[in-house]
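Colleague: quick check, what structure comes out for this input:
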Amino acid sequence: MEEIKKLLRQNLEYSKGIHKMMVRTQRYILWSQIFSIIKLVIIIVPVVLAILYAVPILREAIETYKQLMGNIGGGSSVPGDFLKGFLGQ
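Modeller: Model prediction:
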């Protein structure tokens, strides 16, 4: 009978140790998931903002470039002819 009580106490100690490890593992998994979401947000948000702000800036830059190329082409014939030949137009 004493041996069974000793084994039950030992089993209880092992079970408590396993429970502590399980709680730590669950906490680690939870924090890992939280940080992976934070990392994803840190990557996605700047990309989305860059796209939202870059599109109008790029449109404006392309318009300015087109106006500049139109002014060069409409001015003296030598630079315009050179650029047209160079750009394949």
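
Colleague: what is the helix or strand containing Q67 packed up against?
Modeller: For Q67, the host element (DSSP states H and E) is helix 2-74. Counting contacts by 3 or more CB pairs under 8 Å, 6 or more residues apart in numbering; DSSP states H and E, helix 2-74 packs against helix 77-87. To be clear about C-beta, it is placed using only N, CA and C from the backbone, and glycine gets the same treatment.

Colleague: what's the mean pLDDT across the helix it packs on?
Modeller: In this model, helix 77-87 carries a mean pLDDT of 52.

Colleague: same check, this time on stretch 55-66
Modeller: Stretch 55-66 comes out at a mean pLDDT of 88.

Colleague: same deal with stretch 4-17?
Modeller: 96.

Colleague: got the CA coordinates for stretch 11-29 in PDB?
Modeller: Provided in PDB are the C-alpha atoms of stretch 11-29 (Å, rounded to 0.1, in the frame of the first residue of the first chain):
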ATOM      1  CA  ASN A  11       3.000  10.600 -10.600                       C
ATOM      2  CA  LEU A  12       1.400  13.800  -9.200                       C
ATOM      3  CA  GLU A  13       4.800  15.600  -9.200                       C
ATOM      4  CA  TYR A  14       5.400  14.500 -12.800                       C
ATOM      5  CA  SER A  15       2.000  15.700 -13.800                       C
ATOM      6  CA  LYS A  16       2.600  19.100 -12.100                       C
ATOM      7  CA  GLY A  17       5.900  19.400 -14.000                       C
ATOM      8  CA  ILE A  18       4.200  18.500 -17.300                       C
ATOM      9  CA  HIS A  19       1.400  21.000 -16.600                       C
ATOM     10  CA  LYS A  20       4.000  23.800 -16.000                       C
ATOM     11  CA  MET A  21       5.800  23.000 -19.300                       C
ATOM     12  CA  MET A  22       2.500  22.900 -21.100                       C
ATOM     13  CA  VAL A  23       1.500  26.300 -19.800                       C
ATOM     14  CA  ARG A  24       4.900  27.700 -20.900                       C
ATOM     15  CA  THR A  25       4.500  26.100 -24.300                       C
ATOM     16  CA  GLN A  26       1.000  27.500 -24.800                       C
ATOM     17  CA  ARG A  27       2.200  31.000 -23.700                       C
ATOM     18  CA  TYR A  28       5.200  30.700 -26.100                       C
ATOM     19  CA  ILE A  29       2.900  29.700 -29.000                       C
END
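
Colleague: okay then, goodbye and thanks.
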